[in-house]
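Q: Mind looking at a prediction? Sequence and model below.
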Amino acid sequence: MRRRLFSIVIFSVIAWINDVNAAATKQSDATKFISDASTRYYKLYNKIAEETYSSTDDDDFNTIFSKLTTVKRIAAELVTISEEASDYDLENIHDMQVKTALRNLRRVGELFVLGEDYFSSVLINFAALKELSTDKDIEPYLGGAYMPSQDDSSLAYYPDIQKIFQRSNDSDELKYYWETWREKNLVWSSVNFYTIIEAFQKAAKILDIPVLEFWFRCYNNKEFLREMERVMEDIKPAYKELHAFIRKELHEKYGGSVVNPRGPIPDHLFQQVREQAWQANSVIEPYFPKANLPPYDSFVAHYDAKDMIDAAENFYQSLGFDGLDKEFYEKQLKEQDESADNGDCRADIFDLTPHVYMKYCKKVEFRKFLQVHGYLGRLHYAKEKHNLPSYFFNSYDLEYPVGEAVILSASTPKHLQAIGLSKNFQFSDQILMNRLFRMGIHTMLNIPLYFVHTKVMTDLLNGTVEIERINKHYWELMVKYAGVEPPSDRPESAIDFPYNFYLDMEENHQTKCVSNFSHIQEFCMPALISTHAYICFTFIQKVRI
């Protein structure tokens with residue numbers, strides 16, 4: 001009996017040792033796979049970035065077809081990495097870093113897992129949604145009576161109608177454009193948007209991961225939506241006061257038949273306030289005249305676009321960062337094509353590997369000067385991660401807010417005077433408050449909108465709201481979080497999302513606009529008790545309307 005019991009114990013110990021050895025072997029194999037997959041990932045995405053960076057408006061059909069064929073081949077290899085990562089049983093992996101790496105590598109197939117459907121359908125859906133804002137298909141108000149020279153040419157929402165919102169004080173005109181653009185694009189926005197929702201759901205199912213994990217894949221945080229809700233609670237007191245002030249001014253300007261003094265603000269006027277944040281005809285003009293703002297554009301009038309990049313690079317080097325190398329300036333940096341030179345052009349940045357590329361906007365103004373500081377933050381952030389494995393490069397949880405924090409620092413009077421841009425201008429407290437209040441409108445009023453956009457996508461993807469009632473759900477959220485309502489009764493069959501809802505849906509960048517707040521708030525808190533509190537828009541919480 002003792003011999004039999006002893007044998008059982010021995011065999012159990014041997015079995016346990018074998019299991020441990022097997023697990024160790026599997027973990028060792030996984031570690032090697034992660035290293036190899038990281039190298040493959042970098043190589044593949046470097047090739048995609050190179051193909052995209054080299055594209056021009058003049059590419060002929062054969063060139064475009066060749067590049068598309070290359071991207072399809074690369075996409076298939078990325079899907080293979082996802083499939084190989086999925087072969088590892090995470091229950092047998094005990095190292096949390098290895099387990100996290102495998103989870104991330106399971107997702108690198110992205111929407112490419114849809115195969116040919118991605119290139120023949122979904123990619124077209126994304127492009128179609130973006131073009132809704134740039135197609136010139138809207139007849140001007142009153143046949144062009146309010147347009148320069150009574151021009152009756154059709155308009156695009158961006159930049160034509162956006163510019164009208166920046167200058168117009170006619171509520172009926174703004175309401176016309178608000179309604180007409182949505183009615184004109186109802187069918188195409190619905191078809192393309194709902195197809196994309198289904199694509200995300202299908203891709204998540206193929207990858208065998210929760211759909212919301214896939215949607216938030218660029219943010220290395222499982223509690224991301226909860227953190228966004230916390231941000232909304234943090235800004236609620238200041239936002240309610242700012243909202244009440246704006247509503248009061250709009251009510252006095254347009255009357256009770258247009259603006260309810262105790263209700264939500266009509267969306268077309270809410271958009272007007274946001275678009276006019278830095279204009280002379282804003283509702284805050286009686287309190288903070290635009291003429292009293294610093295002549296910011298004149299500060300950089302002697303620059304060209306390349307000079308602005310050099311100035312931003314000097315800022316980063318002053319913080320101790322190594323300079324961008326000669327190869328970057330010669331082979332990975334160039335001006336955008338002429339097609340990008342319209343309206344508010346933005347740089348194209350390829351930073352999914354340490355081998356970064358950038359196409360910069362040629363427009364010179366102070367706003368672009370600050371944006372360049374943010375762009376270079378992404379480039380330096382990518383380069384600083386050059387020794388890290390690939391799965392760190394699909395995370396937007398730091399580079400955007402760090403870039404925004406740099407923008408806040410680069411725009412302070414102290415810095416502008418230190419680098420000689422504003423040496424002949426004196427910044428008074430009144431001028432600083434003018435700038436701060438306009439920053440508050442520009443920034444604070446957008447945060448609830450981006451939160452609602454993210455909430456709508458979340459509720460659609462996880463099935464907590466039916467597609468048939470998404471418009472009603474959207475306006476319920478807008479009233480609750482933004483205090484905004486449609487300017488007229490809207491049918492449930494409508495889809496009333498603004499044009500920027502559809503931008504960058506594939507990469508889910510809008511969510512960063514809310515996440516930035518929590519990071520910048522931490523950055524700003526020491527400044528709130530210093531004499532330089534004006535550098536932080538969160539100081540709006542100290543303003544009593």
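A: Okay, I see it. Numbering: from 1, shown residues only.
Q: Could you use CA atoms for every contact and neighbour count after this?
A: Will do.
Q: any idea how far I81 is from T454?
A: Distance, I81 to T454, using Cα to Cα, to the nearest Å: 29 Å.
Q: Tell me where this protein has strands.
A: Applying DSSP state E to the chain gives strands spanning 265-266, 333-335, 348-350, 357-360, 484-485.
Q: In TSV, list the ones you listed along with mean neighbour count and mean pLDDT.
A: As requested, the strands of the chain are exported to TSV (neighbours: other Cα atoms under 10 Å; pLDDT from 0 to 100):
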stretch	mean neighbour count	mean pLDDT
strand 265-266	24	99
strand 333-335	17	95
strand 348-350	19	90
strand 357-360	22	96
strand 484-485	22	98
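Q: Those strands into CSV, with extra columns for distance to M478?
A: Formatted as CSV, those follow (distance: least, Cα to Cα, whole Å):
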stretch, distance to M478
strand 265-266, 10
strand 333-335, 39
strand 348-350, 31
strand 357-360, 35
strand 484-485, 6
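Q: For Y53, which of those strands is the nearest?
A: Proximity to Y53 (Cα to Cα) singles out strand 357-360 among the strands of the chain, at 7.0 Å.
Q: For that closest one, name the packing helices and strands.
A: Under the contact definition 3 or more Cα pairs under 8 Å, 6 or more residues apart in numbering; DSSP states H and E, strand 357-360 sits against helix 2-53, strand 333-335, strand 348-350.
Q: Listing partners with orientation, what would you give for it?
A: When pairs are called by DSSP bridges, strand 357-360 turns out to pair with strand 333-335 (parallel), strand 348-350 (antiparallel).
Q: what's in contact with the last one?
A: So the one you mean is strand 348-350. With contacts defined as Cα atoms under 8 Å, 6 or more residues apart in numbering, strand 348-350 is touched by 49, 336, 356-360, 375.
Q: out of those, which one sits closest to L225?
A: Nearest member of the contacts of strand 348-350 to L225, counting by Cα to Cα, is Y375, at 25.4 Å.
Q: From Y41, how far off is that closest one?
A: Taken as Cα to Cα, the span from Y375 to Y41 is 23 Å.
Q: try K47
A: Look at K47 and Y41: by Cα to Cα, they are 10 Å apart.
Q: Mind listing the shared neighbours of these two?
A: Counting by Cα under 8 Å, 6+ apart, no residue touches both K47 and Y41.
Q: okay, the two: which has more neighbours?
A: Legend: neighbour count by other Cα atoms under 10 Å for K47 and Y41, higher for Y41 (23 against 15).
Q: what's the neighbour count on the nearest residue to the more buried one once chain neighbours are set aside?
A: Closest residue in space to Y41, ignoring its immediate chain neighbours: S390 at 6.6 Å, by Cα to Cα, 6 or more residues apart in numbering. Counted with other Cα under 10 Å, residues neighbouring S390 total 25.
Q: Quickly list the domain ranges of this structure.
A: 2-108, 213-294+427-545, 298-425 (automatic domain parsing).
Q: Can you add distance to Y146 and give those back as TSV?
A: Shown next, in TSV, are the domains of the chain (distance: least, Cα to Cα, whole Å):
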stretch	distance to Y146
domain 2-108	34
domain 213-294+427-545	17
domain 298-425	20
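Q: is it true that Y481 touches P448?
A: Yes - with contact defined as Cα atoms under 8 Å, Y481 reaches P448; the gap is 5.9 Å.
Q: neighbour-wise, which of those two wins?
A: Shown here are Y481 and P448; by other Cα under 10 Å, P448 has more neighbours (26 against 19).
Q: can you pull the contacts of that one?
A: For P448, the contacting residues are 232, 478, 481-482, by Cα under 8 Å, 6+ apart.
Q: so what pLDDT did it get?
A: The model reports P448 with a pLDDT of 95.
Q: what do Y481 and P448 both touch?
A: M232.
Q: which of the contacts of P448 lies closest to Q166?
A: Ranked by distance to Q166 (Cα to Cα), the contacts of P448 are led by A482 at 20.3 Å.
Q: tally of neighbours for the closest one?
A: When neighbours are defined as other Cα under 10 Å, A482 has 27 of them.
Q: One more: D29?
A: Residues lying near D29 (other Cα under 10 Å) number 12.
Q: Could you do Q332 as well?
A: If you count neighbours by other Cα under 10 Å, Q332 ends up with 18.
Q: That one contacts P354, doesn't it?
A: No - the pair Q332 / P354 is not scored as a contact, 11.8 Å apart, by Cα under 8 Å.
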